[in-house]
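> Make a model of this:
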Amino acid sequence: MDWSLSTWWWIASGALVAAELATGTFYLLMLALGAAAGAIAAHFGLGFTAQMLSAAVVGGGAVAAWHLKRGGTRPAVHASENRDVNLDIGEHVDVVEWDADGTASAQYRGARWSVRHAGSGTPRPGRHVIRRVEGNRLHVERAD
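Next up, the predicted model:
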(Lines give C-alpha, C1' and ligand atoms only; values in the text may rest on other atoms or scores of the structure.)
Protein backbone atom coordinates (compact mmCIF):
# COMPACT_ATOMS: atom_id res chain seq x y z
CA MET A 1 0.00 0.00 0.00
CA ASP A 2 1.39 3.38 -1.02
CA TRP A 3 0.29 6.23 1.25
CA SER A 4 0.45 9.83 0.15
CA LEU A 5 2.18 12.53 2.16
CA SER A 6 -1.17 13.93 3.26
CA THR A 7 -1.98 10.60 4.92
CA TRP A 8 1.24 10.76 6.93
CA TRP A 9 0.42 14.34 7.96
CA TRP A 10 -3.05 13.24 9.15
CA ILE A 11 -1.51 10.34 11.08
CA ALA A 12 0.96 12.75 12.71
CA SER A 13 -1.90 15.08 13.60
CA GLY A 14 -3.89 12.22 15.14
CA ALA A 15 -0.85 11.02 17.09
CA LEU A 16 -0.34 14.54 18.50
CA VAL A 17 -4.00 14.68 19.56
CA ALA A 18 -3.66 11.26 21.22
CA ALA A 19 -0.49 12.40 23.00
CA GLU A 20 -2.33 15.49 24.23
CA LEU A 21 -5.14 13.35 25.59
CA ALA A 22 -2.62 11.14 27.39
CA THR A 23 -0.55 13.98 28.87
CA GLY A 24 -2.91 16.95 29.12
CA THR A 25 -0.39 19.24 27.40
CA PHE A 26 -2.56 21.68 25.49
CA TYR A 27 0.37 22.81 23.35
CA LEU A 28 0.31 19.45 21.58
CA LEU A 29 -3.09 20.40 20.15
CA MET A 30 -1.50 23.50 18.66
CA LEU A 31 1.16 21.32 17.03
CA ALA A 32 -1.61 19.02 15.77
CA LEU A 33 -3.09 22.06 14.03
CA GLY A 34 0.27 22.55 12.35
CA ALA A 35 0.32 18.94 11.19
CA ALA A 36 -3.21 19.38 9.82
CA ALA A 37 -1.99 22.46 7.93
CA GLY A 38 0.77 20.30 6.44
CA ALA A 39 -1.84 17.76 5.38
CA ILE A 40 -3.96 20.44 3.74
CA ALA A 41 -0.90 21.76 1.93
CA ALA A 42 -0.26 18.21 0.67
CA HIS A 43 -3.87 17.98 -0.55
CA PHE A 44 -3.29 21.18 -2.55
CA GLY A 45 -0.33 19.50 -4.23
CA LEU A 46 2.38 21.67 -2.66
CA GLY A 47 5.87 20.22 -2.33
CA PHE A 48 7.29 18.74 0.87
CA THR A 49 9.17 21.95 1.70
CA ALA A 50 5.96 23.99 1.46
CA GLN A 51 4.15 21.40 3.57
CA MET A 52 6.82 21.60 6.28
CA LEU A 53 6.74 25.39 6.13
CA SER A 54 2.94 25.39 6.46
CA ALA A 55 3.08 23.02 9.42
CA ALA A 56 5.81 25.06 11.11
CA VAL A 57 4.11 28.42 10.59
CA VAL A 58 0.65 27.28 11.70
CA GLY A 59 1.83 25.04 14.57
CA GLY A 60 4.49 27.44 15.79
CA GLY A 61 2.16 30.41 15.40
CA ALA A 62 -0.58 28.66 17.36
CA VAL A 63 1.86 27.78 20.15
CA ALA A 64 3.15 31.37 20.28
CA ALA A 65 -0.38 32.80 20.23
CA TRP A 66 -1.54 30.50 23.03
CA HIS A 67 1.56 31.32 25.08
CA LEU A 68 0.90 35.05 24.68
CA LYS A 69 -2.81 34.62 25.47
CA ARG A 70 -1.94 32.85 28.73
CA GLY A 71 0.39 35.69 29.65
CA GLY A 72 3.49 33.57 29.25
CA THR A 73 3.99 33.26 32.99
CA ARG A 74 3.41 30.55 35.50
CA PRO A 75 1.15 31.22 38.46
CA ALA A 76 2.91 33.09 41.25
CA VAL A 77 1.41 30.68 43.79
CA HIS A 78 3.20 27.41 44.52
CA ALA A 79 1.22 24.27 43.64
CA SER A 80 0.77 23.37 47.33
CA GLU A 81 -1.15 26.65 47.80
CA ASN A 82 -2.84 26.89 44.39
CA ARG A 83 -6.57 26.09 44.34
CA ASP A 84 -6.34 25.38 40.59
CA VAL A 85 -4.00 22.49 41.40
CA ASN A 86 -5.39 21.29 44.73
CA LEU A 87 -9.13 21.64 45.33
CA ASP A 88 -8.69 21.21 49.10
CA ILE A 89 -7.33 24.76 49.37
CA GLY A 90 -10.02 26.98 50.87
CA GLU A 91 -12.05 24.09 52.26
CA HIS A 92 -12.94 23.86 55.94
CA VAL A 93 -11.81 21.37 58.55
CA ASP A 94 -12.73 21.13 62.22
CA VAL A 95 -9.86 20.78 64.69
CA VAL A 96 -10.94 19.46 68.07
CA GLU A 97 -7.66 19.70 69.97
CA TRP A 98 -4.18 21.12 69.27
CA ASP A 99 -0.88 19.70 70.52
CA ALA A 100 1.68 21.99 72.17
CA ASP A 101 3.87 22.02 69.02
CA GLY A 102 1.08 23.53 66.85
CA THR A 103 0.04 20.27 65.22
CA ALA A 104 -3.17 18.29 65.43
CA SER A 105 -5.03 15.42 63.88
CA ALA A 106 -8.37 16.02 62.19
CA GLN A 107 -10.99 14.09 60.27
CA TYR A 108 -11.27 15.39 56.70
CA ARG A 109 -12.82 13.71 53.61
CA GLY A 110 -13.34 10.47 55.50
CA ALA A 111 -9.74 10.09 56.64
CA ARG A 112 -7.50 11.21 59.48
CA TRP A 113 -5.13 14.03 58.42
CA SER A 114 -2.15 15.63 60.12
CA VAL A 115 -2.80 19.35 60.60
CA ARG A 116 -0.35 22.20 61.21
CA HIS A 117 -1.29 25.69 62.32
CA ALA A 118 -0.28 28.21 59.65
CA GLY A 119 -1.89 31.34 61.07
CA SER A 120 -0.61 33.85 63.56
CA GLY A 121 -1.10 33.51 67.29
CA THR A 122 -1.89 30.46 69.35
CA PRO A 123 -3.97 27.77 67.64
CA ARG A 124 -7.46 27.29 69.08
CA PRO A 125 -9.92 24.46 68.50
CA GLY A 126 -12.71 25.07 66.02
CA ARG A 127 -13.31 25.58 62.33
CA HIS A 128 -10.25 26.23 60.17
CA VAL A 129 -9.57 26.96 56.49
CA ILE A 130 -7.00 24.91 54.56
CA ARG A 131 -4.33 27.23 53.15
CA ARG A 132 -1.75 24.71 51.91
CA VAL A 133 -1.40 20.96 51.45
CA GLU A 134 1.96 19.20 51.71
CA GLY A 135 1.69 15.48 51.23
CA ASN A 136 -0.77 14.30 53.89
CA ARG A 137 -0.43 17.42 56.06
CA LEU A 138 -2.91 20.29 55.96
CA HIS A 139 -1.72 23.79 56.85
CA VAL A 140 -4.69 25.68 58.26
CA GLU A 141 -5.73 29.08 59.61
CA ARG A 142 -8.61 29.89 61.91
CA ALA A 143 -11.83 30.54 59.98
CA ASP A 144 -13.02 33.66 61.79
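> measure the residue most central in space within the chain to V133 for me?
Geometric centre of the chain, nearest residue: V85, 6.9 Å, by Cα atoms, centre = their mean. Relative to V133, V85 is positioned 9 Å away (Cβ to Cβ, to the nearest Å). From N, CA and C alone the C-beta is placed, and that goes for glycine too.
> buried ones in the longest strand seen in the chain?
Identified as the longest strand of the chain according to DSSP state E is strand 126-134. Judged by neighbour count using 16 or more other Cβ atoms under 10 Å, the buried positions of strand 126-134 are H128, V129, I130, R131, R132, V133.
> pLDDT (mean, whole number) over that strand?
Strand 126-134 comes out with an average pLDDT of 91.
> In terms of secondary structure, what does the helix or strand just after that strand contact?
Later in the chain than strand 126-134, the nearest helix or strand by DSSP states H and E is strand 137-142. Applying 3 or more Cβ pairs under 8 Å, 6 or more residues apart in numbering; DSSP states H and E, we find strand 137-142 packed against strand 92-95, strand 111-117, strand 126-134.
> repeat that with 10 Å
strand 92-95, strand 103-108, strand 111-117, strand 126-134 (3 or more Cβ pairs under 10 Å, 6 or more residues apart in numbering; DSSP states H and E).
> Turn the ones you listed into CSV, including distance to W3.
Compiled in CSV, these are given as follows (distance: least, Cβ to Cβ, whole Å):
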stretch, distance to W3
strand 92-95, 58
strand 103-108, 56
strand 111-117, 54
strand 126-134, 50
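> Out of those strands, which gets nearest to S54?
Evaluated over the helices and strands packed on strand 137-142, closeness to S54 peaks at strand 126-134, with 45.6 Å, by Cβ to Cβ.
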